[in-house]
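Fold the following.
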Amino acid sequence: MRTTYGKQTTLRESVQFSGAGVHSGKPATIVLHPAEADRGIVFVRTDGEEVEIAARHDNVVATELCTMIGVGGRTVATIEHLMAALAASGVDNVVVEIDGPEMPIADGCSAAFIEMIAEAGLRRLAAPRKLLRVLRPVRLEVGDAVLEFLPHDGTRYDVTIDFANPLIGRQSYVLDLSPQTFARDIARARTFGFMADVEKLWKMGFALGSSLENSVAIGDGRILNPEGLRWSDEFVRHKTLDAVGDLSLIGMPFLGHFRSYKGGHKLNWMAVKALIADTGAYEIVHDTATVREPAGGILQAAALAPSRD
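A predicted model of the protein is given here:
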């Protein structure tokens, strides 16, 4: 199933959110603003000299434990949760103002950003939406990790993780992306980590803002969060969330089947680069789907529907 609006979209009005970064621990406020057609998703650092950073694969500067984009030494880290929410909600053009170096982590997932988008509402623009359609397989193998794009009439994520820790183990999830499936099944899946790694991460400058309020913590053979997991397979759902955000750095929606075994931020980025480099493996098309759109161009964003099993 493919959900499409046919035309490009932006937000109906501006919306704001504040919080601390999971790695830096530093507070930041973001403001999402409507943007014109073909602007794409653009981050603007407003602390100090303003710098615009387009959310594209060629602006990625780091992928260690998060995805960071940057221009001229100015960066924005941990963009993947917001990018996933924007991509899944069908938002093509937004200016993201941020007054710090890292996105707020909220509760470690995309739910807060889905709620922001629903609050702002979506507006249809006159320009047709551009799509990248995968025409032939593109495969990336790094060690025992395998990622590939395959032709598909829709946008499908097929993600498998395989951890030695028995609390995670091997988990798989298949997502046919739409605003509804993402909001219902993926948006609330939280980032996770191991208590055994905490001191090492702190010394490296990571996880300084991590807590049980924004991460699933694994230690002493159990889940340390008092509320437990939101789904029994929350771990692979979060990796699927990350993949949606990372692959949005293609710069437009894609039609294809993305398969990932033991992937992560760096490998997702490498897979996107491999796809874009193989110019015969895809084509750029206009979305010509016929859809019934409400008067005035106002569209309904997907509502968040929490669930657990």
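
How far does the host helix or strand of Met270 sit from its chain's centre?
Assigned by DSSP states H and E, Met270 belongs to helix 265-277. Distance of helix 265-277 from the chain centroid (CA atoms, centre = their mean, to the nearest Å) equals 14 Å.

Quickly run through the sheet partners of the helix or strand just after it, with directions.
Remark: after helix 265-277, the chain's next helix or strand is strand 282-286, criterion DSSP H and E. Sheet pairing here is set by DSSP bridges, and for strand 282-286 it gives strand 130-134 (antiparallel).

Okay, buried residues for the partner strand please.
Counting neighbours by 16 or more other CB atoms under 10 Å, one finds that the buried residues in strand 130-134 are Leu131, Leu132, Arg133, Val134. (Glycine included, C-beta is placed from N, CA and C.)

Kindly report the same for stretch 218-231.
Ile218, Ile223, Asn225, Leu229, Arg230, Trp231.

Narrow those residues to those in strands?
In strands, judged by DSSP state E, the following of these are found: Ile218, Ile223.

Mind putting the buried residues of stretch 218-231 into JSON lines with pLDDT and distance to Ser210?
Output for these, formatted as JSON lines (pLDDT from 0 to 100; distance: CB to CB, whole Å):
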{"residue": "Ile218", "pLDDT": "95", "distance to Ser210": "12"}
{"residue": "Ile223", "pLDDT": "97", "distance to Ser210": "15"}
{"residue": "Asn225", "pLDDT": "95", "distance to Ser210": "12"}
{"residue": "Leu229", "pLDDT": "98", "distance to Ser210": "17"}
{"residue": "Arg230", "pLDDT": "98", "distance to Ser210": "17"}
{"residue": "Trp231", "pLDDT": "98", "distance to Ser210": "21"}
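
pretty sure Phe17 contacts Ala28?
No - counting by CB atoms under 8 Å, Phe17 does not reach Ala28; the two are 9.2 Å apart.

and the next element down the chain from the strand or helix carrying Ile114?
Per DSSP H and E: Ile114 is located in helix 111-120. Sequence order places strand 122-128 as the next helix or strand after helix 111-120, per DSSP H and E.

pLDDT on that following strand, on average?
Computed over strand 122-128, the mean pLDDT rounds to 96.

which helices and strands does that strand pack with?
strand 7-11, strand 298-299 (3 or more CB pairs under 8 Å, 6 or more residues apart in numbering; DSSP states H and E).

List the buried residues in it.
So, applying 16+ other CB under 10 Å, buried residues of strand 122-128: Leu122, Arg123, Arg124, Leu125.

okay, those in CSV with distance to Gly73 next?
Compiled in CSV, the buried residues of strand 122-128 are given as follows (distance: CB to CB, whole Å):
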residue, distance to Gly73
Leu122, 34
Arg123, 34
Arg124, 37
Leu125, 33
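
Among these, which one sits closest to Leu167?
Proximity to Leu167 was ranked across the buried residues of strand 122-128 by CB to CB; first place goes to Leu122, at 38.4 Å.

okay, Gly25: pLDDT?
For Gly25, pLDDT reads 84.
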